[in-house]
Each structure stands twice: as C-alpha cells, then as structure tokens.
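**Q** My questions concern the predicted model and sequence given below.
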2 protein chains.
Amino acid sequence: MVKAIEWKDGKVIMLDQSKLPIEVQYIECTNYEIIAEGIRKLWIRGAPAIGIAAAMGIALGVQDIKAKSYKELIKGLDPVFNTLLLTRPTAVNIKWAVERIKKFLRDNKNESVQRLKELLIEEAQKIHKEDIEVNKAIGRWGSQFIKDGDTVLTHCNAGSLATGGYGTATAPILVAMEQGKKIQVIADETRPVLQGARLTAWELMQAGVPVTLITDNSAGALMKKGEIDLAIVGTDRTVRNGDVANKIGTYSVAVLCKEHKIPFYVAAPMSSIDFSIPKGDRIPIEERSAEEVTHVFNKCQIAPDGVRVRNMAFDVTPAKYITAIITERGAFRPKDLRKLMKKDINLDEIRL
Amino acid sequence: MVKAIEWKDGKVIMLDQSKLPIEVQYIECTNYEIIAEGIRKLWIRGAPAIGIAAAMGIALGVQDIKAKSYKELIKGLDPVFNTLLLTRPTAVNIKWAVERIKKFLRDNKNESVQRLKELLIEEAQKIHKEDIEVNKAIGRWGSQFIKDGDTVLTHCNAGSLATGGYGTATAPILVAMEQGKKIQVIADETRPVLQGARLTAWELMQAGVPVTLITDNSAGALMKKGEIDLAIVGTDRTVRNGDVANKIGTYSVAVLCKEHKIPFYVAAPMSSIDFSIPKGDRIPIEERSAEEVTHVFNKCQIAPDGVRVRNMAFDVTPAKYITAIITERGAFRPKDLRKLMKKDINLDEIRL
C-alpha cells in the first residue's frame, strides 16, 4: 500500500501528492516549516493525513528547541503550533493533533526535556498507527452497506493517500473486497485540484480495485441510468448535528443521491468530528485562489486572463441528506451523532 | 460581437474554438471536408452554429461538383451530405440543414446547375441571418424571466460562439441587459471540454457581461447559499415530450435547481426540437474518448495512464425538471411543446 507519510530515521518522508500521478516524488522533511509548507501546498492532504503530518511536524520541531526546562520547551513550541494551525483553516485534525500533543506534554511534564523530545517522536508514530487501526474499523463497520455486485461512487480522495493508510471512504470498499464481494468504484475527478483523477483513481488501480473515472458532472446522469448503488465520501469536518464539510461538490452528490434514492454515506473518523460546533453553517469555509480553477495542474490555462472566479474549497452537506456516518465506533444516523459525546452511551442501541 | 463562422469571398471563415481563449485563430475553409473536420474536432460547436456550418459546407461542396444536369448535381452531393451527417451523431441541426437544402434544391430543380450553385451560397447565408433573428426572438421571449439584480447560472456554451450570433441561452441575458436590468452570470466551466471556462466566460467578458467562473461541482453550494436566481441552458436536441439533451452535467444542474426551487430554463431554437422522437431516452448519446477526460486541453495529463473512463458527452434532462422551454415562437411549458406541431395552434393560449 502506498504511504502518504512516514517517520524514518529522524526525518519525515512525505509523498508529494501534488505531482501525482505523473511524478512520484518523496520529500525529505527535516524541520516543521517544510511540513507546514507541505500541508499548505497540498503535498499532503486529507484530514487524517494532515493530522499525522502535524504531529510529526511537532515531533520534528521540538528537536530543534534549545530548552533547559519544561516551561522553556512549551514556550519554544508556540511558533510550531501556530504555524501548523494556520496552514489549513477548515481542517480540524491539525487542531486535534496539537491538542493531543499539548495534553501529552502536560501528562509527562515531569520527564526531562531530552526524554520529552524522544517521547514526542513515539507519540507521533503512535498517532500514525492508531489512524490505520481507526480506518480498518471504519472499513469493518462500513462494509455492511456494500452488497456483492455494487458500484460505489466516491468524490475527492479519502483513501490511503488521505490517511495513515487504508483510507476512510475507501476502507469499507477494501474490506468488502476482502469479504469476497465483487464491487467496482466510480471516482469523480473532483475539480479543481482533481484529487479523484490524480489520487483516488491512482491508488485504487494500485490496490487492484476496479475503478472508472468520470467528470464531476457525470454522476447525476449515471445515477439516472441506475449505474450507481451507493456513495461513500470522506469529510474534513463533521459537526454535532451531523452536518458534514467536505470537498466542494460533495453537497451536489448528496442532493443527486437523494433525488435518485441512493444511499449516501460519510466515512468520518472520530478525530474529524468537531462536537464544539453545533451545525454546519458555522464551519469556516476556505476560499482558494482563482488560479486553481483557471490553470489546471498549475500550468494549463483553461480560462481567459483576468476572469472572475469563485473557488470555494469545501461545501457543507446537511445531515438530512446523509444515510449514515461511519466512524471507528460504528455507523450512526447523523441525528445520533451527538449521543457519542456521552461517556455512558450504549453504542449498540444506536449503531446501524 | 465575435463571429463563430462567416461566408466571405467564396470561402468559409471559421474561428477555431478548440484553441480559445489562449489563441484566437481563424481557419479558411475552401472545401466541405475541412468544414466536416471542423465540426468533428470541435473547431465549431453548438447546435445552431454547426447547422450553419453544415449549410455552408454544402454550399462549398456543390461548387466542386462537375455536373451537367440537376440529377448529376444531386448525385454529386451525396458524399457531401453523408460526410456532414456523420460528424456528430447527437446534433439534429446538421440533419435539419441537410433536409432544408435538399428541399430547397427540389423547389429549384428547374434552375441551371450554375444558378443552383449560386443559390446554395445565398441559401447558406440566409440560414445564418435567420439564426441571428431566431436568437434575438428567444432573447425577447426569455428576458421576462430575468429580474433586475438576478444572477443567472449557465452551463456549457450556448452563446454567440455556439450560434450565428447573439446565442440562445445568452440571448435572454443580453436582452435583459439591453432593458436596463443589472444582472450577472455564473458560468459552469463544463468539463471535460471546458466550453464554459473557455468560451462562455470569454465571450461574455467581450460583451461586457459580468461573469464569474466556477467548477461544475460548485453550483449546488452556491444555490444553497441563495446566490443563484435562475438557470438558463441551451440544448443539442429537445424532443416531443419536452425532454432535453444537452451537454453532460445539465441534468445535474436541473436536479439541483429543483432541490433549491430555482427555475430552470432551456433556450431552444425550433430547429433543435426533434418532434420525430417521442421522449428523451430515445436520443442517441455520443460517448467520446477517454483522453478528453484524462488530458485537459489535449495536453495536460491529469489521470493515471490506462485508467478506465466513462465520457458521456451529453445527458438527458426530463421535462419535469424544466420550468420553460424558450423558443423563437415563445416560451412554453415542456408539456405544451407538442402543440407546436399543429399548424393552427393559437400560441397566445400556451405562451408563458
């Protein structure tokens, strides 16, 4: 399986996904600024993967801090945290990784500075390993929704490349195949950055999953022909009421699914669920540069010079369009998501 | 106003739209084979424009036929007709132009061969002029649906470049502006061939119409934000029950409009209405090459080598999604379209 990111010999090896599938190039990251640049420039993308990248960035960053005390170490980490937090405003996983590391540091404040530096490397690798386990669990809970012979539509990339491995939206597909179901995937190309064409199609081909690429605007016509049985997408941020922020176009897919009575699933690791936000219209939506739209792949100009462009990177799909949200703790109706905030909940009562 | 095609000094001057908006290149066509190549390679596209091109192609083709009698002339035209008819299977306007010229020849069979050659040039130019008049009439009937301050979504290109001039979907917009309404247009880029980004955005900028370019998958999110008031699209072929074949993605726009209670209009010159076909599922849909999807603008590779692709050039929007079909004879509910087949119909009774 392709690895988006890996800790190796004191460095972070990051696959530059912005060049895929034409070039397969790995970047050796020796400090946190390169990690931040990689997140910002989409060398690495996908909510879980950038959470892992942020943790590894912190683990790199801490090595260079000349601190004599815990207090000095924490102070030295401030610019590391801030730089990473500012890279992608919509992504909750960076915040999640920063909070986790901060808590980890508090819990280990009595360790020596040198020991803390070692422990942060272990913690970042642990975050990576946990993510793969999370995805496998999403795969197990989600595979129940895929029948033998099904065709699954997916949008953007919520696969191996978007995670520590295994993927979120792709995990149910991979598990269903392991269960012997014959399935195929239709991948939306996902303009403007074309993660579906460049990444999903590529990684599924590598994994031996039958995949067909379409333009985003073909999904509706295929649904009308009865050629799509279900849709599974990932999420950048899911909020308390079950509304889901994901790559632009996700909302359109959800509306089309509703019109054609096709189930629409969201694969959401718990780390991407932001219970602090009550509903989707409170999620800040990143607007990106016009050039992403006017110049495909940063070079092919496809629109007139100076044309006005609206380039919203994400949209919000209201809970009412979502059949189930698949997490590592089970698959749930969006309205039941808030119940996961309670510690004493009996999950079997609300699991699908 | 930009001209897609023009008869000039015994030749046809065709703008090569496949290179827009980067290069503005005109092709001098001296025989019908070049015209056919232009239609096939999308130098010229848009239902009315290729009807005009076909007529001009016939007018060119007839000049080279060495015939001594009417019968020989007609026989000589067979390969001309056949070549043109085979260029684009979904387009009804080529068939329409061929039938019109055939009838014109029958009606003038007593003229000399030399005179017929001259008359066909006049007839082709007449078809061109009539098209502009048709579009202006569509503009007058359609402008009633656009209010001051409205934002109009359009898909693909049904503008000046797709017609003899003035456009079909753009005509109501241009007339509304002439009426002093302040409006703006949002143009779907329209993958895979990007007619929206390359052509609609370009020609509207040239015409001074405020236009914003979006990726196809952004329309739903903008509708949810309340930023689109109505949609107007063109059509390649509309059939008896009011079902509409148009560029892939049109159907998705129509479904999204329904979900957001946004009116969805189709600008359809009578020549694009095929009363011989009872309903949309009988319209042959052209599937085009994988390379159109995998290589943007014929050069930028955006998908893995050898990936399977589904590239339907068109989709069919059922009549139930369409608020009105705007023709040069008036705007009608799709269900009333069949009434236009009757000669004695009182149009005022069914016009919107």
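**A** Received it, and whenever you're ready, just let me know what you need. These figures come from a predicted structure and were not determined experimentally.
**Q** burial measure for the residue lying closest to residue A:136 once chain neighbours are set aside, as a count.
**A** The shortest distance from residue A:136 to any non-neighbouring residue, by Cβ to Cβ, 6 or more residues apart in numbering or on different chains, is to residue A:166 (5.8 Å). Using the backbone N, CA and C atoms, a C-beta is placed for each residue, glycine as well. Residue A:166 is flanked by 23 other residues according to other Cβ atoms under 10 Å in any protein chain shown.
**Q** just residue A:134 next, same as before
**A** Neighbour count for residue A:134, taken as other Cβ under 10 Å: 22.
**Q** so what does the one helix or strand it maps to touch, helix or strand wise?
**A** Counting by DSSP states H and E, the element that carries residue A:134 is helix A:113-142. On a contact count with 3 or more Cβ pairs under 8 Å, 6 or more residues apart in numbering or on different chains; DSSP states H and E, helix A:113-142 meets strand A:5-8, helix A:47-63, helix A:70-85, helix A:92-107, helix A:171-178, strand A:264-267, strand A:324-327, strand A:330-332.
**Q** mind listing what's buried in the second one?
**A** In this case it means helix A:47-63. Residues A:47-62 are the ones in helix A:47-63 that count as buried (16 or more other Cβ atoms under 10 Å in any protein chain shown).
**Q** what helices or strands is it leaning on?
**A** With contacts taken as 3+ Cβ pairs under 8 Å, 6+ apart, helix A:47-63 sits against strand A:5-8, strand A:11-15, strand A:26-29, helix A:32-40, helix A:70-85, helix A:92-107, helix A:113-142.
**Q** Could you name whichever residue is most remote from the centre of chain A?
**A** Distance from the centre of chain A peaks at residue A:68, with 36.8 Å (Cα atoms, centre = their mean).
**Q** picking up where we left off before, could you dump the helices and strands packed on helix A:113-142 into TSV with mean pLDDT added?
**A** Compiled in TSV, those are given as follows (pLDDT from 0 to 100):
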stretch	mean pLDDT
strand A:5-8	96
helix A:47-63	95
helix A:70-85	97
helix A:92-107	94
helix A:171-178	97
strand A:264-267	98
strand A:324-327	98
strand A:330-332	98
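**Q** among these, which is nearest residue A:139?
**A** helix A:171-178 (3.2 Å; Cβ to Cβ).
**Q** packing partners for the very next helix or strand once past the closest one?
**A** Moving toward the C-terminus from helix A:171-178, the next helix or strand (DSSP H and E) is strand A:184-188. Judged by 3+ Cβ pairs under 8 Å, 6+ apart, the packing partners of strand A:184-188 are strand A:151-154, helix A:201-206, strand A:211-214, helix A:219-224.
**Q** Strand A:184-188: partners in the sheet, and parallel or antiparallel?
**A** Strand A:184-188 pairs in its sheet with strand A:151-154 (parallel), strand A:211-214 (parallel), by DSSP bridges.
**Q** Just give me how far that strand sits from the chain centre.
**A** Strand A:184-188 sits 18 Å away from the centroid of its parent chain (Cα atoms, centre = their mean, to the nearest Å).
**Q** Send over that strand as PDB, restricted to the C-alpha atoms.
**A** Provided in PDB are the C-alpha atoms of strand A:184-188 (Å, rounded to 0.1, in the frame of the first residue of the first chain):
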ATOM      1  CA  GLN A 184     -16.400  -1.500  -8.500                       C
ATOM      2  CA  VAL A 185     -15.800   2.100  -7.800                       C
ATOM      3  CA  ILE A 186     -16.600   5.300  -9.800                       C
ATOM      4  CA  ALA A 187     -14.400   8.100  -9.000                       C
ATOM      5  CA  ASP A 188     -15.400  11.800  -9.500                       C
END
